[in-house]
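Q: Compute the structure for the input listed below.
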Amino acid sequence: MTTAVEDYIKKLRSPQKEICSEVRRIILETVPGVHEQMKMDAAWYEDKVYLAALGEHVTVGFSLAGLSKEERFALNSGEQSMKHLTIKSVQEIDEQWLKKILRKVLS
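A: Residues are numbered from 1 along each chain as shown. Next comes the predicted model:
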């Protein structure tokens, strides 16, 4: 069965398509059974993490609850309750770091 998130990713152009596919794979492997939905033109996971293709990059947003000061500092700009990571290529993805943050935010 194809989900709305899969449809969203299929319609993207490169490199956003490959980046989103890889980040989604990491999310689904790291947090099996996570609730995934499309909302506000982005893929959302438990309303705590989002994945969105914007311009020439992909943004992965995280709820700040449970993250240390160092982990929050590693993320780009954002609001008081969420910050994001900007990814411009698949090679920029630090899978181990991303898994660590996902476990904290989505657990």
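
Q: Return the list of helices and strands in contact with the host helix or strand of residue 100.
A: Using DSSP states H and E, residue 100 sits in helix 95-106. Other helices and strands packing on helix 95-106, by 3 or more Cβ pairs under 8 Å, 6 or more residues apart in numbering; DSSP states H and E, are helix 16-30, strand 49-54, strand 57-63, helix 69-74. Just so you know, the C-beta spots here come from the backbone N, C-alpha and C atoms, and that holds for glycine as well.

Q: what does the third one rub up against?
A: In other words, strand 57-63. 16, 19-20, 23, 42, 48-52, 75, 78, 81-88, 98, 101, 105 (Cβ atoms under 8 Å, 6 or more residues apart in numbering).

Q: So which of the helices and strands packed on helix 95-106 has the densest surroundings on average?
A: strand 57-63 (a mean of 22; mean count of other Cβ atoms under 10 Å).

Q: on that earlier part again, quick one: residues in contact with the helix holding residue 100.
A: Contact with helix 95-106 is made by 23, 26-27, 30-31, 34, 45-46, 48-49, 60, 62-63, 65-67, 71, 74, as judged by Cβ under 8 Å, 6+ apart.
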